[in-house]
Every structure is written in structure tokens, then in C-alpha cells.
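Chemist: Give the three-dimensional model of this entry:
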Amino acid sequence: TVANTTLNNIVYQTSQTNYNPQYPQGPPYGNASAQVDIPLHSHVVITKTVNNSTPNYGSTIIFTVIAHNNGPNDASGVQVVDNLPTGLVFVSYLIYV
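Modeler: Just a heads-up that it's a prediction; the model follows:
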């Protein structure tokens with residue numbers, strides 16, 4: 001997906017024709033180009049932090065996952081999947097919207 005950029009599309013016209021003495025190199029062909037500006041729609045940024053990166057065995061650690069839309073438009077259908085590292089046990093979660 002490309003956003004907040006300009007795409008350039010250039011078209012070259014070619015053709016298979018019979019020999020014409022008026023155009024020994026072939027008929028003159030044109031080309032065309034167009035620019036399309038693609039605006040930035042939504043821009044979801046996800047950050048993850050942990051309150052203790054070197055926990056002792058059996059201690060509780062808290063992961064904080066934040067999904068923030070830097071916009072400018074709304075983001076719909078966004079899903080965040082955060083797999084728990086091996087060896088950890090899931091206890092609970094809170095969601096703030």
C-alpha cells in the first residue's frame with residue numbers, strides 16, 4: 001500500500017505496422033504520463049513496552065500495547081494481535097478506547 005506520495009505512470013505507444021515509405025523508421029508514436037497524488041488516509045502506529053525487562057521467576061510483569069491512529073482519517077477494522085512470549089502465563093487485560 002502506498003500513501004502520502006505521488007505515483008508517476010508513463011505510457012509508451014508502440015505498434016506492429018507494415019512498411020510505409022513515408023515513415024521508414026515507422027510511424028511517429030506518442031507517449032503520455034499522468035501523476036496521481038495518493039493522500040495519507042489513516043496511519044496506525046503500535047508501540048509495546050514492558051514494566052520490567054528482567055523479571056524474577058514468578059513475578060508479575062505488565063506489557064502495555066498502544067495502537068494510535070496518527071490520522072488524518074479514521075481507521076476501521078484494525079486488529080492488534082500480541083503473542084505472549086514463551087514461558088509467560090496470561091493473567092488479564094484492560095482495554096481503553
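Chemist: hmm, which helix or strand of this structure has the shakiest average pLDDT?
Modeler: strand 5-12 (a mean of 70; mean pLDDT, DSSP states H and E).
Chemist: Pull the distance from the very next helix or strand once past that one to the chain's centre.
Modeler: Where DSSP states H and E defines the elements, the next helix or strand beyond strand 5-12 is strand 31-38. Averaging C-alpha positions (C-alpha atoms, centre = their mean, to the nearest Å) puts strand 31-38 21 Å from its chain's average.
Chemist: do stretch 77-87 as well
Modeler: 19 Å.
Chemist: how long is that stretch from one end to the other?
Modeler: 31 Å (C-alpha to C-alpha, to the nearest Å).
Chemist: Please apply the same query to stretch 88-97.
Modeler: 26 Å.
Chemist: tell me the mean pLDDT for it?
Modeler: Across stretch 88-97, the average pLDDT comes to 87.
Chemist: I would like the residues contacting that stretch, please.
Modeler: 60-61, 84 (C-beta atoms under 8 Å, 6 or more residues apart in numbering). Bear in mind the C-beta positions are built from the backbone N, C-alpha and C, glycine included.
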